[in-house]
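S.K.: Coordinates for the following, if possible.
(one chain, ligands or ions: 2)
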Amino acid sequence: MPSNQRKILLLPGDGIGPEVVRETKKVIDWFNKKKSLDFKLDQGLIGGAAIDEHGVPITDEVFYKALESDAVIFGACGGPKYDKLEFSKKPERALLKLRKELKLFANLRPAICFKQLVDASSLKPEIVSGLDILIVRELTGGIYFGEPRGVQPIENGERRGVNTHVYTTKEIKRIAKVAFELAAKRNNKVTSCEKSNVMEAGVLWREEVQNLKDNEYKKINLNHMLADNCAMQLLRNPKQFDVILADNLFGDMLSDEAAMLTGSLGLLPSASLGVKDKNGRTRSLYEPVHGSAPDIEGKNISNPIATILSFSMALKYSLGLEKESAHLDKAVEKTLEDGLRTPDIMSKGKKKVSTSDMGDAIISNLN
Ligand code: IPM
Ligand code: MG
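M.R.: Numbering: from 1, shown residues only. Ligands and ions are numbered 1, 2, ... in the order given. Got it, this is the predicted structure:
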């Protein structure tokens, strides 16, 4: 195998996943052909698509392929068809398994408001123009994975549902470190969110983040904010934020909210990065923040930009190709500049295009 060959695994998944990944594949093919890069592509079923075919949300074969890849590009998973399945068999379990087993603890979710799209936001232009926030979400701990968990019968035929929110010093410090390192390359400011007013684990989170800053990141401007207040401040004055650090659940919610500030959930990419293994390799998965959007599935109207920008993050964070990543970001921006809009970001005077038209236009701007 040539030494510069990189393995990329595509997991389109469900709903609009296949359409947005299809457009991203065009972009990857373009880089292979035009920039003589050696990306070796493979593809697998995940989520509902895997359930339909194999009866499980992810097969061992696909799981091992993901383990072996330099980057995984994930579309979306889930849909109403699978709502009634037993919890452990639901499509989402596949994604959570990948996050957990690949140790993808750091989820980066940039929320950038393109100047061409200030009008697509539901907030006033002056509130969102120039917005550039990075949400750093812890992804392998907290209430998503804590034990005990489950639903048990109790007396009177009633039931009791339990999930556990739990974090250790080590887990908090390693995600805070990621936030501090990234902030140091941006505007040096980190806002750490928790609910230390009601949760002991929130108190611990606040203390450990502060300790790490005091000991190792003295130059970072750190402030702490209760997560509910952060949700409110994101709507009131989002530009006060640079890097937002949050646990798994608060990060999930705050990133959806931040996404809408930028005009559409269809624009937000994300990177999930792992711990370095003994060979110095970091595993990674890239996915749009939006979900499977079953209501618009198969209509060729979804926005492929979030997934294409997720590949751009892969170029930057996993494939060591920062220049290529910037080139791709520029092509996306130029396409918006040209006035092309999928329906989710459509506004007066612009040209409404389909998913595949948007992909093609981005390719021609790459050229
Ligand atoms: C996300 C999604 C997932 C999550 C779901 C699909 C399991 O909402 O990536 O934000 O809750 O983490
Ligand atoms: Mg979410």
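
S.K.: Show me the contact partners of the strand or helix carrying residue 50.
M.R.: Assessed by DSSP states H and E, residue 50 sits inside helix 48-54. With CB atoms under 8 Å, 6 or more residues apart in numbering as the test, helix 48-54 has contacts from 12-14, 18, 44-45, 56-59, 62, 77-79, 81-82, 85, 89, 91, 94. No exception for glycine: its C-beta is placed from N, CA and C like everyone else's.

S.K.: Looking at those, which are in strands?
M.R.: Those of the contacts of helix 48-54 mapping onto strands are 12-13, per DSSP state E.

S.K.: Please indicate which of the contacts of helix 48-54 are buried?
M.R.: In terms of neighbour count (16 or more other CB atoms under 10 Å), the buried residues within the contacts of helix 48-54 are 12-14, 18, 44-45, 56-59, 62, 77-79, 82, 91, 94.

S.K.: Contact residues of the stretch 251-367 of the chain facing ligand 1?
M.R.: Selection of the stretch 251-367 of the chain residues close to ligand 1 by CB under 6 Å from any ligand atom yields 252, 289, 291.

S.K.: Show me the domain layout of this protein.
M.R.: 1-110+269-367, 132-261 (automatic domain parsing).

S.K.: Out of these, which is the most enclosed?
M.R.: domain 1-110+269-367 (a mean of 19; mean count of other CB atoms under 10 Å).

S.K.: What mean pLDDT does that one get?
M.R.: The average pLDDT for domain 1-110+269-367 rounds to 95.

S.K.: so what's residue 63 up against?
M.R.: 97-98, 101.

S.K.: Ramachandran angles for the most centrally placed residue in the chain?
M.R.: For the chain, residue 270 is the residue whose C-alpha lies nearest the centre (CA atoms, centre = their mean; 2.8 Å). Dihedral angles phi and psi of residue 270 (degrees, to the nearest 10) take the values phi -150, psi 150.

S.K.: wait, residue 359 sits on residue 308?
M.R.: Yes. With contacts counted by CB atoms under 8 Å, residue 359 reaches residue 308, the gap being 7.4 Å.

S.K.: intersection of neighbour lists for those two?
M.R.: Contacts common to residue 359 and residue 308, judged by CB under 8 Å, 6+ apart, are 23-24, 27.

S.K.: Return the subset of those lying in helices.
M.R.: Among those, the residues falling in helices (DSSP state H) are 23-24, 27.

S.K.: now the helices for this protein?
M.R.: So, for the chain - with DSSP H - the helices run 17-34, 48-54, 60-68, 92-101, 125-128, 169-184, 200-216, 227-236, 248-261, 305-317, 322-337, 355-366.

S.K.: Run the chain-centre distance for the first one.
M.R.: I take that to be helix 17-34. Centroid displacement of helix 17-34 relative to its chain, using CA atoms, centre = their mean, to the nearest Å, is 18 Å.

S.K.: How about that helix and ligand 1, touching?
M.R.: No. Under the criterion of CB under 6 Å from any ligand atom, ligand 1 is not reached by helix 17-34; the shortest gap measures 11.0 Å.

S.K.: Check the gap between residue 16 and residue 204 for me.
M.R.: 39 Å (CB to CB, to the nearest Å).

S.K.: my bad, residue 355
M.R.: 44 Å.

S.K.: And the residue of the stretch 51-200 of the chain closest to ligand 1?
M.R.: At 4.1 Å from ligand 1, residue 92 is the closest residue in the stretch 51-200 of the chain, using CB to the nearest ligand atom.

S.K.: The stretch 151-300 of the chain too?
M.R.: residue 252 (4.7 Å).

S.K.: right, and that residue touches residue 135 too?
M.R.: No. With contact defined as CB under 8 Å, residue 252 does not count as touching residue 135 (9.7 Å).

S.K.: CA-only coordinates of stretch 216-232 in CSV, if you can.
M.R.: What follows is stretch 216-232 as a C-alpha-only set of coordinates in CSV (Å, rounded to 0.1, in the frame of the first residue of the first chain):
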residue,chain,number,x,y,z
GLU,A,216,-1.7,24.9,32.4
TYR,A,217,-3.6,27.5,30.4
LYS,A,218,-3.1,30.8,32.3
LYS,A,219,-3.5,32.9,29.1
ILE,A,220,-6.9,31.6,28.3
ASN,A,221,-9.8,33.8,29.1
LEU,A,222,-12.2,31.3,30.8
ASN,A,223,-15.6,32.0,32.1
HIS,A,224,-18.3,29.6,33.4
MET,A,225,-21.9,29.9,32.5
LEU,A,226,-25.0,27.9,33.6
ALA,A,227,-26.1,25.9,30.5
ASP,A,228,-29.6,27.3,30.6
ASN,A,229,-28.2,30.8,30.6
CYS,A,230,-25.9,29.9,27.8
ALA,A,231,-28.9,28.8,25.7
MET,A,232,-30.5,32.2,26.4
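
S.K.: so how far is that stretch off the chain centroid?
M.R.: The answer for stretch 216-232 is 21 Å, by CA atoms, centre = their mean.
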